[in-house]
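*Asks:* here is a sequence together with a model predicted from it:
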Amino acid sequence: MDATDGPPILKLGVDDAIAGLALSTEAQWNQTEEDWRIFLRDGVVFGIRDGMRLVATAALLPYSGNNAWISMVLVSGTHRRRGLATRLVDACLETARKNGLTSWLDATPAGAAVYGPLGFTPTLQLRRLKLLKSAQVSSPTPSVATLDALRARDRRATGFDRTALLTAFAQRSGSRITTANGCIALVRDGRTARHIGPLFADNAAEALALVHAIARSENGPFLVDAVASQAAFLEGLTASGWTIERPFQRMRFGPATTTGEKTPFAVAGPEFG
């Protein structure tokens with residue numbers, strides 16, 4: 001079967017959030033229904049159905065400066081190895097091309113092997129870490145920071161204006177923006193674990209201190225997507241009980257449009273960049 005054959009590719013709407021969540025839950029990902037609504041409301045989500053059932057997706061989420069993030073590339077276990085993911089990623093790339101967008105994504109090692117031949121080039125690497133802990137909470141909550149402060153640090157680090165994304169995160173029940181000693185992080189709910197990130201700091205010691213304060217101030221488990229080049233931060237996490245779950249390779253399709261001033265210590269997540 002050719003990649004162009006098969007069931008049609010459809011554009012999904014906000015009413016498909018629950019169906020999308022079923023796919024990411026099957027894959028044991030951490031996204032919530034609210035995460036899906038961000039993609040469906042602010043981006044373009046392509047899908048393939050088998051009858052009434054949604055069996056595959058891919059999303060393109062635009063940011064400022066002619067950039068966009070490709071993510072939520074999911075295929076149900078009953079429909080894999082049929083070329084559905086390739087067709088959906090091609091649909092995202094074609095949409096990005098028509099709109100003059102440079103596309104980014106964070107790929108698993110298996111995904112990177114597929115995206116490389118398509119023309120994606122590697123940039124930085126990430127490591128997803130998880131902390132399992134008891135329900136005992138032993139420290140006060142770190143100080144609260146403002147959304148404007150987080151947005152400013154995020155833009156300096158990424159080169160993107162992600163006001164809409166960060167606002168959506170911050171307005172959720174259970175979300176908080178914390179700060180200590182000049183570093184700042186967003187903490188939000190996921191389906192199975194609290195997610196810490198993005199996280200910005202001047203040095204690894206301050207970044208680690210804030211992560212530890214967050215972990216001691218509330219119940220886990222926690223996930224963090226650390227930038228691999230921040231070696232001291234990564235080593236400090238693993239030394240304090242965090243375990244590496246998987247790597248991700250950040251990749252870009254198209255010309256570089258912007259450069260961040262300073263590398264973050266942790267990102268918003270492989271689905272958001």
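*Replies:* Received it, and whenever you're ready, just let me know what you need. Quantities reported herein were computed from a predicted structural model and do not represent experimental measurements.

*Asks:* CA atoms for contacts and neighbours, from now on please.
*Replies:* OK.

*Asks:* counting by contacts, list what the host helix or strand of I196 packs against.
*Replies:* Using DSSP states H and E, I196 sits in strand 194-200. Strand 194-200 sits against helix 147-158, strand 183-188, helix 204-217, strand 222-227, with contacts defined as 3 or more Cα pairs under 8 Å, 6 or more residues apart in numbering; DSSP states H and E.

*Asks:* just want the angle from the longest one to strand 194-200.
*Replies:* What separates the directions of helix 204-217 and strand 194-200 is an angle of 160 degrees, with axes from the mean of the first three to the mean of the last three Cα atoms, to 10 degrees.

*Asks:* same question, the last one
*Replies:* In this structure, strand 222-227 runs at an angle of 30 degrees to strand 194-200, with the same axes, to 10 degrees as the basis.

*Asks:* tell me which residues of strand 222-227 come out buried.
*Replies:* In terms of neighbour count (16 or more other Cα atoms under 10 Å), strand 222-227 has its buried residues at 222-227.

*Asks:* would you turn those into JSON lines with pLDDT?
*Replies:* Converted to JSON lines, these look like this (pLDDT from 0 to 100):
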{"residue": "F222", "pLDDT": "97"}
{"residue": "L223", "pLDDT": "98"}
{"residue": "V224", "pLDDT": "98"}
{"residue": "D225", "pLDDT": "98"}
{"residue": "A226", "pLDDT": "98"}
{"residue": "V227", "pLDDT": "98"}
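
*Asks:* would TSV of those residues with distance to P62 be doable?
*Replies:* Formatted as TSV, the buried residues of strand 222-227 follow (distance: Cα to Cα, whole Å):
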residue	distance to P62
F222	27
L223	25
V224	23
D225	21
A226	23
V227	22
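
*Asks:* among these, which pair sits farthest apart?
*Replies:* By the measure Cα to Cα, F222 and V227 form the most distant pair in the buried residues of strand 222-227, at 16.3 Å.

*Asks:* tell me how far L23 lies from G269.
*Replies:* 18 Å (Cα to Cα, to the nearest Å).

*Asks:* domains in the chain, as residue ranges please.
*Replies:* As given by automatic domain parsing, the domain ranges for the chain are 10-100, 127-253.

*Asks:* and of the ones you listed, who's closest to D106?
*Replies:* Across the domains of the chain, closest to D106 is domain 127-253 (Cα to Cα), at 4.3 Å.

*Asks:* identify the residues contacting the strand holding I196?
*Replies:* 153-154, 183-189, 207, 211, 220-225, 264-269 (Cα atoms under 8 Å, 6 or more residues apart in numbering).

*Asks:* doesn't M72 lie inside a helix?
*Replies:* No: counting by DSSP: H, G, I helix; E, B strand; the rest coil, M72 falls outside a helix, being strand.

*Asks:* residue contacts, it?
*Replies:* 24, 57-59, 271.

*Asks:* so how far is F46 from it?
*Replies:* 10 Å.

*Asks:* which residues do the two both contact?
*Replies:* Taking Cα under 8 Å, 6+ apart as the contact rule, M72 and F46 both touch 57-59.

*Asks:* okay, strands next: where are they in the chain?
*Replies:* For the chain, the strands defined by DSSP state E occupy 10-11, 44-50, 53-63, 67-75, 102-107, 121-131, 143-144, 176-180, 183-188, 194-200, 222-227, 243-253.

*Asks:* would you list those in a markdown table and tack on distance to E94?
*Replies:* Below are those laid out as a markdown table (distance: least, Cα to Cα, whole Å):
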| stretch | distance to E94 |
| --- | --- |
| strand 10-11 | 14 |
| strand 44-50 | 12 |
| strand 53-63 | 11 |
| strand 67-75 | 12 |
| strand 102-107 | 10 |
| strand 121-131 | 17 |
| strand 143-144 | 42 |
| strand 176-180 | 36 |
| strand 183-188 | 32 |
| strand 194-200 | 29 |
| strand 222-227 | 29 |
| strand 243-253 | 11 |
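
*Asks:* out of these, which is closest to L93?
*Replies:* Among those, the nearest to L93 by Cα to Cα is strand 102-107 (7.2 Å).

*Asks:* I would like the residues contacting that closest one, please.
*Replies:* Counting by Cα under 8 Å, 6+ apart, 66-71, 93, 96, 248-257, 270-271, 273 sit against strand 102-107.

*Asks:* brilliant, that's me finished.
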